[in-house]
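Q: could you look at this predicted model? Sequence included:
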Amino acid sequence: MLRVLGIETSCDETAAAVVEDGRHIRSNVVAAQVELHAQYGGVFPEMASREHVAKIVPVVEQAMAQAGIQWADLDAIAVTHGPGLAGSLLVGVNMAKGLALANGLPLVGVNHLEGHIYASWLASAEEPQFPLLCLIVSGGHTELILMRDHGQYELLGATLDDAAGEAFDKVARLLGLGYPGGPAIQKTAEQGDVSKLRLPRAWLEGTYNFSFSGLKTAVLNLVKQDGLRAGDSRLPVGDIAAAFQESVVDVLVEKTRLAAEQFAVKQVLIGGGVAANQRLRERMRERMPAPVLIPPVALCTDNGAVIASAGYFHFAKGERSGWDLDVVPGLRLADDE
């Protein structure tokens, strides 16, 4: 039995967790900063890093206490070192280095995107089967990845502009729905009529890439027509939210379906904050030609358990990080192969 402490501070969640053998969660503690950043309509990087400094020690202590173990019971410490906000990443990496050095434990650097993928190893009763197709949809990323084995990734497509979650946040702001945008859009869409409006889909034929900037502009034009503004009672906010959500979901699902068929994958995984969207979850399960694994909502958003899981599989292969492990805000998944 191998126990790994995972630390995640890539954006605005300070998180730590203990996971056994890459699949069994012993503890999972997350300190969110939503209320702090809501006043800005998005994450304020400098404030985020300062909050991490204040919260990282108690979060790690709580994770260890909930797991009911001592430092001598751990086998390794895994930490996100990119991609993400540089200041936020530094807090987690330095904390992990200090703990590893003080307790004589191996250090394993983990790519944040791997965490979203390995959420499915924590959420499924049986271990996922290769080859897999992974759709990662979050506030900063929208990527389709073919995974043939642990650590073997092929990027099939990515967003050319806004990530799906970023588009949700920006459209929510246009509609006066507040932050974070994903839950607000979903709730408002439930009150709208999806058949009332038809918004564009950027299919980018012949590729698995995504683009949501045109869709965002189309919503902006709707809001501005006839001099309407967010908060105006004449603005059909529910209908716009429903049409926007349907457009995003259509493109995500269809691109994933086509890739799943082309590469004859055994399973399709979805991860990241946008994977919490109920409409996306429904459509993915309806349309995929292979079984779909979608983690519970708590494992879709940033957390330490998924980092510990990914770290375990690196550790099990004999991979270790040196004390020179640095943060890489623009780290790509292929860089960690």
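A: Yes, it's here.
Q: what's the burial count for residue 202?
A: Residue 202: 17 surrounding residues under other Cβ atoms under 10 Å. C-beta coordinates here come from the backbone N, C-alpha and C atoms, glycine included.
Q: quick check: chain neighbours aside, which residue is closest to residue 85?
A: Nearest residue to residue 85, sequence neighbours excluded (Cβ to Cβ, 6 or more residues apart in numbering): residue 45, at 4.9 Å.
Q: got the domain ranges for the chain?
A: 3-118+299-336, 129-295 (automatic domain parsing).
Q: related to what we said a few turns ago, next up, the contacts around the residue nearest to residue 85.
A: If you count contacts by Cβ atoms under 8 Å, 6 or more residues apart in numbering, residue 45 has them with 85, 86, 87, 88.
Q: can you give me the strands for the stretch 201-337 of the chain?
A: Taking DSSP state E, counting those that start in this stretch as the criterion, the stretch 201-337 of the chain carries its strands at 267-271, 292-293.
Q: who does the last one pair up with?
A: Paired strands of strand 292-293, with direction, are strand 267-271 (parallel) (DSSP bridges).
Q: just the mean pLDDT for the strand it pairs with, thanks.
A: When pLDDT is averaged along strand 267-271, the result is 97.
Q: can you tell me what sits against that strand?
A: So strand 267-271 is contacted by 115-117, 119-120, 128-129, 132-137, 256, 260, 280-281, 284, 288, 290-295, 299-300, 306 (Cβ under 8 Å, 6+ apart).
Q: is it possible to mark the buried ones in those?
A: Neighbour-count burial (16 or more other Cβ atoms under 10 Å) applied to the contacts of strand 267-271 gives 115-117, 119-120, 128, 132-137, 256, 260, 280-281, 284, 288, 290, 292-295, 299-300, 306.
Q: mind checking the SS state of the nearest residue to residue 58 once chain neighbours are set aside?
A: The shortest distance from residue 58 to any residue other than its chain neighbours is 7.9 Å, reached at residue 31 (Cβ to Cβ, 6+ apart). With DSSP: H, G, I helix; E, B strand; the rest coil as the basis, residue 31 sits in strand.
Q: state the distance from residue 31 to residue 83.
A: 21 Å (Cβ to Cβ, to the nearest Å).
Q: what does residue 71 give?
A: 29 Å.
Q: ok, the residue nearest in space to the middle of the chain - contacts?
A: By Cα atoms, centre = their mean, the chain has its centre lying nearest to residue 272, at 2.6 Å. Residues counted as contacts of residue 272 (Cβ under 8 Å, 6+ apart) are 116, 136, 137, 138, 141, 165, 300.
Q: make it 7 Å
A: Neighbouring residues of residue 272 by Cβ atoms under 7 Å, 6 or more residues apart in numbering: 116, 136, 137, 138, 141, 300.
Q: what do you get for residue 281?
A: residue 294.
Q: kindly recompute the last result at 8 Å.
A: 270, 275, 294.
Q: residue 322 too?
A: Applying Cβ under 8 Å, 6+ apart to residue 322 gives the contacts residue 107.
Q: buried set for stretch 298-310?
A: Buried, per 16+ other Cβ under 10 Å, within stretch 298-310: 299, 300, 301, 302, 303, 304, 305, 306, 307, 308, 309, 310.
Q: what's the answer for stretch 161-181, then?
A: Buried residues in stretch 161-181, counting neighbours by 16+ other Cβ under 10 Å, are found at 162-175, 177, 179-181.
Q: with just CA atoms, put it into CSV.
A: Extracted C-alpha coordinates of stretch 161-181, given in CSV (Å, rounded to 0.1, in the frame of the first residue of the first chain):
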residue,chain,number,x,y,z
ASP,A,161,-9.0,31.3,-27.9
ASP,A,162,-11.3,31.1,-24.8
ALA,A,163,-11.5,28.0,-22.8
ALA,A,164,-15.1,26.7,-22.3
GLY,A,165,-15.1,27.7,-18.6
GLU,A,166,-13.7,31.1,-19.4
ALA,A,167,-16.5,31.6,-21.9
PHE,A,168,-19.1,30.6,-19.3
ASP,A,169,-17.6,33.2,-16.9
LYS,A,170,-17.6,36.0,-19.5
VAL,A,171,-21.1,35.3,-20.8
ALA,A,172,-22.4,35.2,-17.2
ARG,A,173,-20.8,38.6,-16.7
LEU,A,174,-22.5,39.9,-19.8
LEU,A,175,-25.8,38.7,-18.5
GLY,A,176,-25.3,40.1,-15.0
LEU,A,177,-25.3,36.6,-13.4
GLY,A,178,-22.2,37.0,-11.3
TYR,A,179,-19.2,34.7,-10.7
PRO,A,180,-18.5,31.8,-11.0
GLY,A,181,-20.3,31.7,-14.4
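Q: circling back: I'd assumed residue 54 was in contact with the residue nearest to residue 58.
A: No: in this structure, residue 31 is not within contact of residue 54 by Cβ atoms under 8 Å, at 9.1 Å.
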